[in-house]
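J.: Here is a sequence with its predicted model. Questions after.
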Amino acid sequence: MKSYLKKHWPYILILVVLTTVIYGNALNNAFLSDDIAEIRDNPNIGNLGYAITSHPFGFIRLILYWIAFHLDGLNPFFFRLINLFFHTGSVLLIYTLLNFIHSRKLALIASSIFAVHPAIAEAVVWISGGMYPQYTFFFLLSFLFYILSKDRKLFYLLSSIFYLLSLMSHPQMTLPLFVIFPLYELVFGNFKKRGVRVIPYFILSIVYVFINLGALPERASTLQSVHYQERGIDNPFILIPVAISSYLELTFWPMTLTLYHSELAFGQFEFSVRALLTLIFLGITLVTFKFNKFIFFFLSFFWIALSPTLTPFRFNWIVAERYLYLPILGILAVLGLMVLKLEQFLKLKWSAYIIVTLIIILLSARTIARNIDWKNEDNLWISTGKTSPSSPNTHNNLGDMYGRWGDKQRALQEFQKAIELKPNYGDAYHNLANTYREIGQYDKALENYQKAAIFNPNLWQSYQNIAALYFESKQYDLAQEFIQKAIQINPNNPNLVVNLGIVYLVSGDKDKAKQAFQTVLNVDPQNQVAKQGLIEVSK
């Protein structure tokens, strides 16, 4: 290790500085999208017991959040620093791996482009996307120790441990990666002699499949109830060409970057071109097994690492930039080789570094600009609205933004557009109802809250707000009915129980009111509203 660091420290320093500079303007960005519910508004974010027990086979991320919280509370800086740590670690591991497999020059080319590539910036800048650099970091560590473990049992053990940590970081994306180990032996090693050494990775993957089988129905339910993704099976002959061609486009021309890649409806001619491009790419992957094993390995790496997202079962989006985080390594390794071949052809010394420097400057500028899109909610949804106009999620979030700005009419238009695009979009109905309530159109508010509850029965906020409307119109029986429905869905919310107590108190049922307030105080003795409620009951 000392010898390696002595020889390579200037390049390692360059990569660390490059990564830090490119993402420096994003470290103080706000909590965004899923970050809000998972971190900012999560009352258990600072509870170590919750971090360990809530996800017993995937607690690494929650423990890291717990550490970030105890460093400086709900400061996004430290939460996002976790992502930057894993990204920087992945960059250095890519440099080290490619240095072992090929050469220092190719390693520096591929790792430096990976460090700044805007197509994978989402996984670094978005805190909730950080599981992608995390699983990548642990897998690359596992792969590196496997390569180094020819006569070292300790390295082989460490490789297995890091593979397990990768599984714990993102089971779905890690599961097929056990194939990388026999593929490496087939291409660069000795499969006949060392093939048996890949068995533990296969066993770990299979065991983890069975452990997580129970999570599949929950995942499907979440996609349906939270993201309103319709159940069904997609045609892989359509899905795969669309996905692969889109990822190649993102890799070589990363201009259209968005949280929601919704603009994937192509005409017959364009789809035919994309399908042909995908077939050519697959053909090149297979043919290079005979002509260039390095290219074959890394193009196969791309396919294998991306394969979990190419299934026809609707457990993920068709295209998402964070999915590309590890797979893009396969393309960049081959790109690095092509740059070296070009240098040899041109017979110009340093031409490879000049070409790569120009590429890095262009990609860095795009990444820094993309970081600004992730600065806050407003920036994110405005930029997403420009690139994903047919996404109902985009219009729902734009409606929320305009509502916060005070432009209620524009907010109504955005929520209505979201519903037009997705007629069963419960959250959009709920937000539309909120806006109608804010402008005093209570009948329309009630109507849309009811629709929200129909399309998303788990949306307890709609039941709560229906109860509030009935309370305001002095229909206390109906207010009790709907606040109780909200409590059934979210029984651990003390505010709902307090509100039920207030309804009982105002309607004259002091015994039930006292019981509700006391229930809250038993759990939260400092709840001031419940304390005041008990005082009112005793009058």
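T.: Cool, got the structure.
J.: Only the buried residues of stretch 48-67, if you could.
T.: Under the neighbour-count criterion of 16 or more other C-beta atoms under 10 Å, stretch 48-67 has 50-51, 58-62, 64-66 buried. (Glycine included, C-beta is placed from N, CA and C.)
J.: tell me how far stretch 141-154 is from the chain's mean position?
T.: With C-alpha atoms, centre = their mean, to the nearest Å as the basis, stretch 141-154 stands 30 Å off its chain's centre.
J.: Quick check: buried residues in that stretch?
T.: Buried residues in stretch 141-154, counted by 16+ other C-beta under 10 Å: 141-147, 149.
J.: Kindly reformat those residues as a markdown table containing pLDDT.
T.: Converted to a markdown table, these look like this (pLDDT from 0 to 100):
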| residue | pLDDT |
| --- | --- |
| 141 | 98 |
| 142 | 98 |
| 143 | 98 |
| 144 | 96 |
| 145 | 96 |
| 146 | 96 |
| 147 | 94 |
| 149 | 91 |
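J.: tell me the average confidence for stretch 532-539?
T.: Average pLDDT, stretch 532-539: 87.
J.: Offset the numbering so it begins at 16, please.
T.: Happy to do that; since the first residue is 16 now, the last one works out to stretch 547-554.
J.: In CSV, list the C-alpha atoms belonging to that stretch.
T.: Only the C-alpha atoms of stretch 547-554 are listed here, as CSV (Å, rounded to 0.1, in the frame of the first residue of the first chain):
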residue,chain,number,x,y,z
GLN,A,547,-54.7,22.9,27.6
GLY,A,548,-57.4,20.5,26.4
LEU,A,549,-57.5,18.8,29.8
ILE,A,550,-57.8,22.2,31.4
GLU,A,551,-60.8,23.0,29.2
VAL,A,552,-62.4,19.7,30.0
SER,A,553,-62.2,20.4,33.7
LYS,A,554,-64.0,23.8,33.5
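J.: So which bits of that stretch are buried?
T.: Buried residues in stretch 547-554 (16+ other C-beta under 10 Å): 548-549, 552.
J.: how far out from the middle of the chain is it?
T.: Remark: stretch 547-554 is offset 47 Å from the chain centroid, using C-alpha atoms, centre = their mean.
J.: next one: stretch 262-273
T.: Between the centre of stretch 262-273 and the centre of its chain there are 18 Å (C-alpha atoms, centre = their mean).
J.: Among the buried residues of stretch 63-82, which lie within strands?
T.: Members of the buried residues of stretch 63-82 lying in strands (criterion: DSSP state E): none.
J.: So which of the residues you listed are in helices?
T.: In helices, judged by DSSP state H, the following of those are found: 65-66, 75-77, 79-81.
J.: Show me which of those is closest to residue 176.
T.: Comparing those against residue 176 with C-beta to C-beta places residue 75 closest, at 12.5 Å.
J.: which residues sit in contact with residue 95?
T.: 41-42, 44, 140, 142, 145 (C-beta atoms under 8 Å, 6 or more residues apart in numbering).
J.: In TSV, list those residues along with pLDDT and neighbour count.
T.: Below are those laid out as TSV (pLDDT from 0 to 100; neighbours: other C-beta atoms under 10 Å):
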residue	pLDDT	neighbour count
41	97	23
42	96	17
44	97	23
140	98	27
142	97	26
145	97	26
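J.: tell me the SS of the residue nearest to residue 408 when sequence neighbours are not counted?
T.: Among residues not flanking residue 408 along the chain, residue 275 sits closest, at 5.6 Å (C-beta to C-beta, 6 or more residues apart in numbering). Here residue 275 is coil, with the state taken from DSSP: H, G, I helix; E, B strand; the rest coil.
J.: Could you give the number of residues near residue 275?
T.: Neighbour count for residue 275, taken as other C-beta atoms under 10 Å: 18.
J.: That one against residue 404, yeah?
T.: No - counting by C-beta atoms under 8 Å, residue 404 is not a contact partner of residue 275; they are 10.1 Å apart.
J.: By residue count, tell me the biggest helix in this protein.
T.: helix 91-116.
J.: Tell me the first helix or strand C-terminal of it.
T.: Counting by DSSP states H and E, the next helix or strand C-terminal to helix 91-116 is helix 119-131.
J.: Include secondary structure when you put the buried residues of stretch 547-554 into TSV, please.
T.: Shown next, in TSV, are the buried residues of stretch 547-554 (three-state DSSP):
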residue	secondary structure
548	helix
549	helix
552	helix
